[in-house]
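Asks: Any chance you can model this:
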Amino acid sequence: MSKRVKGGITAPQGFVAAGIHSGIKKTKQLDLTMIVSEKPGPIAGVFTSNKLPAAPVILDRLHLKRGTGQAFIINSGNANAFTGPEGLAHAREMGRRVADQLTIPLHDVFVGSTGVIGVPLPMPAIRAGIPILFSRLRKAGHREAAKAIMTTDTYPKEIAVQDRIGGKMVTIGGIAKGSGMIHPDMATMLAYVTTDAAIDQKTLQTTFSAVINQTFNCISVDGETSTNDTALCLANGKAGNVAIKTGTTAHGKFEALLFQVCHHLAMEIVRDGEGATKIIEFQITQASSDRAAKQFANTLATSPLVKTAIFGTDPNWGRIVAALGRAGAPVKAEKLLIEFNEIPIVKNGKGLGPQVERRIKQEMKKPFLTIFISLGMGKGSSKIWTTDLTYDYVKINASYRS
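Replies: Now for the predicted structure:
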């Protein structure tokens, strides 16, 4: 049975990390992270669907084609996005300097950046910071590593879990950042996962992609998808287990562990949504197809009117109905069922009256709200986690660059 353990990204055998303030951020906050494995291993990745990807995403996609990795270098405070050929040269230089420090191939280094778009990286700060990071690499560096990738996050996000697989103790650790610009495909965040499991690259990629679709691709804060979204998973085989193969019992246990890590980090991102006071889980069932269900879920999770009503504890189900009607998928009023925390508010397309609404208004004061919607159209289903939309979200994003 799996269990939570301490150590975050460095909990698996053979991983060390560090995080420092290099001078990228105006404040003294940590802004540069390095994570290193003792040995190279298979790596899996999923990236933004934004058509204007940042330089690190372009570089990492190229490196991922080799299928191996050994180190991550990530900065916060600057996205290195929309920075042209110079930005790509800067991303390559970051990777090359780490590769030189570790005497490993450039393609085994993966670069990440997050922060303001359209501003060149302050390379003097990064050039000076990389040797310092290298000197501070240690098992205990996981917390600083998690802090140094933060932007508008209010706290670092990390987790580690382990289970016995094939007679060996296998550990998976992870860190993530994300608070605003969060939406599926991918969830507008950076996430780094490490494991000491022995697994081939193809199996790792297939498994990681499947888990991403159930976790990071099921969260939304504001419907925005950034230029820098990156999730990477590196395995070094130090656990000594027999290499995990698809379809085996060992694979099932590994996938469950990986899901536990990614689900936790995804929910932490939602919980830390900019200005959020509530988490909302939309459950869509009996849609005409899974694709249609996802359309409904995404429409609800990004509706300012729905999200502000939830912030104001207003059981305004009319806004939900309106959003469902514009989602672009089949829906029939007479078959519609809507429940708030298992309390029906709409049944067979009709509202159930003020008394029910008063009950639900009290439920809406809780920090977690489940809104269940049955469409009576088929077997399609989907689930998404999102936040309410608050005054503080506007304040944070109105002054992001100041």
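Asks: Please make it C-alpha for all contacts and neighbour counts, starting now.
Replies: Will do.
Asks: which regions of the stretch 251-400 of the chain sit below the pLDDT cut-off?
Replies: Where the stretch 251-400 of the chain drops to pLDDT under 70, the residues are 273-274, 396-397, 399-400.
Asks: mind listing what the helix or strand harbouring I373 pairs with, with the direction of each?
Replies: I373 belongs to strand 368-374 when assigned by DSSP states H and E. Note on strand 368-374: by DSSP bridges, its sheet partners are strand 279-287 (parallel), strand 337-340 (antiparallel).
Asks: Can you lay out those as a markdown table showing mean neighbour count and distance to Y393?
Replies: Formatted as a markdown table, the strands paired with strand 368-374 follow (neighbours: other CA atoms under 10 Å; distance: least, CA to CA, whole Å):
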| stretch | mean neighbour count | distance to Y393 |
| --- | --- | --- |
| strand 279-287 | 22 | 14 |
| strand 337-340 | 21 | 24 |
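Asks: could you redo those strands as CSV and give each row distance to M169?
Replies: CSV is the format used below for the strands paired with strand 368-374 (distance: least, CA to CA, whole Å):
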stretch, distance to M169
strand 279-287, 34
strand 337-340, 42
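Asks: looking at those, which is closest to A18?
Replies: strand 279-287 (31.6 Å; CA to CA).
Asks: what does the closest one rub up against?
Replies: The contact list for strand 279-287 (CA atoms under 8 Å, 6 or more residues apart in numbering) reads 270-271, 293-294, 296-297, 300-301, 330-331, 367-388.
Asks: Got a PyMOL select line for the buried ones in those?
Replies: Applying 16 or more other CA atoms under 10 Å to the contacts of strand 279-287 leaves a buried subset, and the PyMOL line that selects it is:
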select buried, resi 270+271+293+294+296+297+300+301+330+331+369+370+371+372+373+374+375+376+377+380+381+382+383+384+385+386+387+388
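Asks: Ok, which of the strands paired with strand 368-374 comes nearest K253?
Replies: Of all these, strand 279-287 comes closest under CA to CA, at 26.1 Å.
Asks: after the longest strand seen in the chain comes which helix or strand?
Replies: Across the chain, the longest stretch assigned as strand under DSSP state E is strand 32-47. Sequence-wise, the next helix or strand downstream of strand 32-47 (DSSP H and E) is helix 55-64.
Asks: what helices or strands is that next one leaning on?
Replies: Using 3 or more CA pairs under 8 Å, 6 or more residues apart in numbering; DSSP states H and E as the contact test, the elements touching helix 55-64 are strand 32-47, helix 84-102, strand 109-116.
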